[in-house]
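**Student:** Okay, sequence plus prediction incoming.
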Amino acid sequence: MSVYRLTSQREFAIPIVLTKGGKTKLISIRTSQSTWIAFPRDEKDEKWGTLSDVDAVVAAWVDDAETPRFAQVHLIPGDEMRDRFDRAYAARKVAGHSDPARNGLWVSLYHEEAKSPANRVGAGAPEASANRPRPIVEWERWRH
């Protein structure tokens, strides 16, 4: 099991810097109640906000928003997520969707990727799909 030490967290939506064995990684954490995660574009619509510069994304979701029993947590390479979000963004533009730059673009962790409908393009990150769904953080242990 890899253990990283949190070395900085400036504010929500700012990437977190983790250090292990002298190596530093920039991580973006996304949480979800629905197994979909989002990233916004920058104000000029030239790149992804925090996703553009991270080494990896930690995506976590709970099984039930009101009475969660477990959380599923995935570490997904930043290049993989950028590629998926780029494809999803392009497909939605072609389909005529309007995605204002500062609103998040949502991509499913677990749906199988498909060319249609447009919201399935970019879905199913391989690290997420390969492990779907099994409890790895028991909520009861952390709730009290």
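**Tutor:** That came through, no problem.
**Student:** By residue count, which strand of the protein is the longest?
**Tutor:** Ranked by residue count and defined by DSSP state E, the top strand of the chain is strand 23-32.
**Student:** which strands and helices sit next to the helix or strand following that one?
**Tutor:** Sequence order places strand 36-40 as the next helix or strand after strand 23-32, per DSSP states H and E. Using 3 or more CB pairs under 8 Å, 6 or more residues apart in numbering; DSSP states H and E, the elements in contact with strand 36-40 are strand 23-32, strand 104-108. The way it works is simple: take the backbone N, C-alpha and C, and place the C-beta from them, glycine included.
**Student:** ok, 7 Å please
**Tutor:** Secondary-structure packing of strand 36-40 (3 or more CB pairs under 7 Å, 6 or more residues apart in numbering; DSSP states H and E): strand 104-108.
**Student:** quick check: angle from the strand it packs on to strand 23-32?
**Tutor:** Per axes from the mean of the first three to the mean of the last three CA atoms, to 10 degrees, the angle that strand 104-108 makes with strand 23-32 is 90 degrees.
**Student:** Outside of strand 104-108 itself, list whatever touches it.
**Tutor:** Residues from elsewhere that reach strand 104-108, judged by CB atoms under 7 Å, 6 or more residues apart in numbering: 35-40, 84-85, 88-89, 99, 122-124.
**Student:** partner strands of that strand, parallel or antiparallel?
**Tutor:** strand 36-40 (antiparallel) (DSSP bridges).
**Student:** How about the partner strand, which residues are buried there?
**Tutor:** 36, 37, 39, 40 (16 or more other CB atoms under 10 Å).
**Student:** Repeat that for stretch 65-83.
**Tutor:** 68, 70, 71, 72, 74, 76, 78, 81, 82.
**Student:** Using CSV, write out every CA atom in that stretch.
**Tutor:** C-alpha atoms of stretch 65-83 as CSV (Å, rounded to 0.1, in the frame of the first residue of the first chain):
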residue,chain,number,x,y,z
ALA,A,65,-25.9,10.3,-0.1
GLU,A,66,-28.2,10.1,3.0
THR,A,67,-27.0,6.9,4.6
PRO,A,68,-23.7,6.0,3.1
ARG,A,69,-22.4,2.5,3.8
PHE,A,70,-19.2,2.5,1.8
ALA,A,71,-17.1,4.7,-0.4
GLN,A,72,-15.3,3.6,-3.6
VAL,A,73,-12.0,5.4,-4.2
HIS,A,74,-9.9,5.4,-7.4
LEU,A,75,-6.5,6.8,-8.4
ILE,A,76,-6.6,7.6,-12.1
PRO,A,77,-3.6,8.9,-14.1
GLY,A,78,-4.0,12.6,-15.0
ASP,A,79,-3.2,11.9,-18.7
GLU,A,80,-6.0,9.3,-18.9
MET,A,81,-8.5,11.7,-17.4
ARG,A,82,-7.5,14.6,-19.6
ASP,A,83,-7.9,12.4,-22.7
